[in-house]
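Peer 1: I'd like to go over a predicted model; first the sequence, then the structure.
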Amino acid sequence: MNIFDQYLNKIKKILLDLSKNGDLILPDKLDGITTEIPPSKFNSDISTNVAMVLSKLNKKNPNDLAIILVEAIKKNDPLIEDISVVKPGFINIKFKTVFWTNFVEKIIKNSKSFGINTNEKKKNYLIEFVSANPTGPLHVGHCRGAIIGDVISNILLFNNHKVTKEYYVNDYGNQIINFTKSVYFRIREIIFNEPFPSNNEDLYPGDYLINFAQNIINSNKKIDFKDFDKVFDELTVLSIEEALKLIKDNLNTLGINHDKFISEKKLVNNQEVEKVIDFLHKNNFVYKGKIKAPAGEDNNKWIEREQLLFRSTDFGDDKDRALQKSDGAWTYFASDVAYHKNKLDRKFDYLINILGADHAGYIKRISSSVEALSNTKGKLICKVSQLVKLIKDKKPFKMSKRKGDYITVDDLVNEVGKDATRFIMLNRSSDVELDFDFDNVIEKSKDNPLYYVQYSYARIASVFRHLNKDLKADIKINNYDFHYTNDEIKILKKISEWPECIDAASNKLEPHRIPTYLFELASLFHSYWNLGKDNPDKRFISEQKKITDDKLVFLKVISNVIKSGMDIVGVSAPEKM
């Protein structure tokens, strides 16, 4: 139940009636008309820009047109208490108390669907996220993108879309050869007591490889590890299996499970790169040419050579992109184009890629390739997960670990827990850097947004517990004849924004909107709760250990929204703290 959509539809119907009577000229489409939350300085519940949108076409000042529209809107709605015009032509609407009584009744009776846009056409999404090289544990740099991808999936699923969560395994190329060599040398270190060649910069130095090596030794007694070339193929498979086990464990620690893991090596072996290159050839999207030195590259050292190039500039990229190296091998980009053709062949409505900050420059070229392959603009949506800075004691924080020169996902979760990691990683929009402050995360105050939201739910649960009622059970009220106060209506107005929050988070793929909304709702609730310290009328439970139906329903509505939001974010809503 979205009151903003409902009133937008009411206003559009009024406009059509006025148009039929000759009192108003309308455009072919009523686009641009909105109903939204008015600024807090106005004592109103909904605001619309309708007069400003239609003023030019009707050759009237927006304020004058608004005055005409006000009369038509008010006479069609007995639930409106007051309606006013605010310069330069906004129409602000305030509802009677009975409107909020009806609102509460409807959302209690439709609690499971509250927030879901039931009028929206449902889509089928493929979301690819994390896709870290299978060469070691996930680190903090992967953590934020993993959570963003997972919560975007949860938002879309909540809004009844279909979602497939996918991980692209980069198990082909030089980095895998070097990774396999690194595991091989760790195996030699264990079996033959040979020192690991730590001076070789191509190798992976992390001590986690010792565990990989030991697991492979223990499970493969018949393999002779004396000759690297002879065991390379089998050892590569075993090494990637070990890495993926660790990565899946890391993801599980964060509460994340992917539906599919797609292997780059399988795409290459199935000749999907050659097939997509043939497709591009047939459609004249590739040619033989030379590219200039990349920005920052020394022009004197750069050797221009003829390469197979994709015409990405035809689709808005700043230069054409190489598909083949000088030795004839395919570039990483060529494999990625083949992977996206594979995605397109699976007939999703939208493809979403969550990329790390270091891949932001990759967006133009891969978007260009998807447009060329699908003949559709906007089929691929890329979201960038910006960097995370860890802060402790007001300064950058580095944990001392023996796993390489980075902090792993497990390190972070062990330090602050899964819930705090997920919630705080969504504290800001994904396209801006995030400060992850350990001191705030453990604080039991408003400075810790997770604690503040969880504590609001726990407070509501404590009321139900004192009354021997089940917070999770449905509430049945025979007569919703409630009269909510202004303090309570203030919170109900925030509750009415929940469908708008879901819509914005779903359509714009902005998961940070959910914890932001929950924090704002929790802040209003805690302020209301504290009124009861000085005013007995504001307390939920009377001295006789009873609660009125209006307050019981009021609490239930708030708890339902908090629980829905916490489920989307993927964190717990404890009933005791």
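Peer 2: Structure's in. What do you need?
Peer 1: so where do the strands sit in the stretch 301-450 of the chain?
Peer 2: Counting by DSSP state E, counting those that start in this stretch, the stretch 301-450 of the chain has these strands, from start to end: 307-310, 321-322, 350-356, 380-385, 388-392, 395-396, 434-437.
Peer 1: show the contacting residues for F103.
Peer 2: 1, 3, 492, 496 (C-beta atoms under 8 Å, 6 or more residues apart in numbering). Bear in mind the C-beta positions are built from the backbone N, C-alpha and C, glycine included.
Peer 1: how many residues are close by L323?
Peer 2: Applying other C-beta atoms under 10 Å, we find 23 other residues in the vicinity of L323.
Peer 1: test my guess that it contacts V337.
Peer 2: Yes. Counting by C-beta atoms under 8 Å, L323 sits close enough to V337 to count as a contact (7.3 Å).
Peer 1: what touches both of these two?
Peer 2: A shared contact of L323 and V337, defined by C-beta under 8 Å, 6+ apart, is any residue touching both; here these are 280, 310.
Peer 1: for L521, give its distance to S430.
Peer 2: 22 Å (C-beta to C-beta, to the nearest Å).
Peer 1: ugh, wrong one, I meant H142
Peer 2: Distance from H142 to S430, counting by C-beta to C-beta: 14 Å.
Peer 1: quick one: low-confidence ranges for this protein?
Peer 2: 293-302, 399-405 (pLDDT under 70).
Peer 1: nearest residue to the middle of it?
Peer 2: Ranked by distance to the mean C-alpha position of the chain (C-alpha atoms, centre = their mean), the top residue is I152 at 3.1 Å.
Peer 1: wait, that one sits on N353?
Peer 2: No. The pair I152 and N353 fails to qualify as a contact (C-beta under 8 Å) at a distance of 11.1 Å.
Peer 1: nearest residue to I210 other than its sequence neighbours?
Peer 2: Counting by C-beta to C-beta, 6 or more residues apart in numbering, R186 is the residue found nearest to I210 once chain neighbours are left out, at 5.5 Å.
Peer 1: after whatever helix or strand the one you found lives in, which helix or strand is next?
Peer 2: Taking DSSP states H and E as the criterion, the element that holds R186 is helix 174-192. Stepping forward along the backbone from helix 174-192, the first helix or strand reached (DSSP H and E) is helix 208-219.
Peer 1: could you check stretch 192-199 and say which residues are buried?
Peer 2: Taking 16 or more other C-beta atoms under 10 Å as the neighbour-count basis, stretch 192-199 is seen to contain the buried residues F196.
Peer 1: how about the helices in the stretch 201-350 of the chain?
Peer 2: Taking DSSP state H, counting those that start in this stretch as the criterion, the stretch 201-350 of the chain contains helices spanning 208-219, 228-253, 264-269, 272-282, 332-345.
Peer 1: could you do the stretch 401-550 of the chain as well?
Peer 2: Under the criterion DSSP H, counting those that start in this stretch, helices of the stretch 401-550 of the chain are mapped to 409-416, 418-425, 438-441, 449-466, 486-496, 498-507, 513-531, 549-569.
Peer 1: using a markdown table, lay out the ones you listed together with mean neighbour count and distance to A372.
Peer 2: Below are the helices of the stretch 401-550 of the chain laid out as a markdown table (neighbours: other C-beta atoms under 10 Å; distance: least, C-beta to C-beta, whole Å):
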| stretch | mean neighbour count | distance to A372 |
| --- | --- | --- |
| helix 409-416 | 18 | 36 |
| helix 418-425 | 24 | 34 |
| helix 438-441 | 18 | 45 |
| helix 449-466 | 20 | 43 |
| helix 486-496 | 17 | 44 |
| helix 498-507 | 21 | 26 |
| helix 513-531 | 19 | 33 |
| helix 549-569 | 21 | 35 |
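Peer 1: quick one: those helices as a markdown table, columns for distance to Y125 too.
Peer 2: Conversion of the helices of the stretch 401-550 of the chain to a markdown table gives the following (distance: least, C-beta to C-beta, whole Å):
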| stretch | distance to Y125 |
| --- | --- |
| helix 409-416 | 24 |
| helix 418-425 | 20 |
| helix 438-441 | 31 |
| helix 449-466 | 27 |
| helix 486-496 | 27 |
| helix 498-507 | 10 |
| helix 513-531 | 17 |
| helix 549-569 | 15 |
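Peer 1: next, count neighbours for the closest residue to S367 other than its chain neighbours.
Peer 2: In this structure, S367 finds its nearest non-sequential neighbour in L380, 5.3 Å apart by C-beta to C-beta, 6+ apart. Look at L380: counted by other C-beta under 10 Å, it has 24 neighbours.
Peer 1: check contacts around L380.
Peer 2: 340, 350-353, 366-367, 370-371.
Peer 1: farthest pair in the residues you listed?
Peer 2: Taking C-beta to C-beta as the measure, the contacts of L380 reach their widest spread between I352 and E371, a distance of 15.4 Å.
Peer 1: just checking, V286 touches L308?
Peer 2: Yes. Because the distance of 5.8 Å satisfies C-beta under 8 Å, V286 is recorded as touching L308.
Peer 1: quickly list what's touching both of those two.
Peer 2: Common neighbours of V286 and L308 (C-beta under 8 Å, 6+ apart) are 277, 323.
Peer 1: may I see the buried residues of stretch 112-128?
Peer 2: For stretch 112-128, burial by neighbour count (16+ other C-beta under 10 Å) applies to 114-117, 125-128.
Peer 1: and these, which is closest to I190?
Peer 2: Distance ranking of those against I190, using C-beta to C-beta, places E128 first at 35.9 Å.
Peer 1: apart from its chain neighbours, what residue comes closest to that closest one?
Peer 2: Taking C-beta to C-beta, 6+ apart, and ignoring the residues beside it in sequence, E128 has E166 as its nearest neighbour in space, at 4.7 Å.
Peer 1: which ones are touching the one you found?
Peer 2: Applying C-beta under 8 Å, 6+ apart to E166 gives the contacts 126-129, 258-262.
Peer 1: re earlier: CA atoms only for the helix holding R186, dumped as CSV, please.
Peer 2: Taking Å, rounded to 0.1, in the frame of the first residue of the first chain, the C-alpha atoms of helix 174-192 are listed here in CSV:
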residue,chain,number,x,y,z
ASN,A,174,48.7,-16.2,-16.3
GLN,A,175,47.5,-15.5,-12.7
ILE,A,176,46.3,-19.1,-12.5
ILE,A,177,49.6,-20.5,-13.7
ASN,A,178,51.4,-18.4,-11.1
PHE,A,179,48.9,-19.5,-8.4
THR,A,180,49.4,-23.2,-9.3
LYS,A,181,53.1,-22.7,-9.1
SER,A,182,52.8,-21.1,-5.7
VAL,A,183,50.8,-24.1,-4.4
TYR,A,184,53.3,-26.5,-6.0
PHE,A,185,56.2,-24.8,-4.1
ARG,A,186,54.3,-25.0,-0.8
ILE,A,187,53.7,-28.7,-1.5
ARG,A,188,57.5,-29.1,-2.1
GLU,A,189,58.1,-27.2,1.1
ILE,A,190,56.0,-29.7,3.1
ILE,A,191,57.1,-32.9,1.4
PHE,A,192,60.8,-32.2,0.5
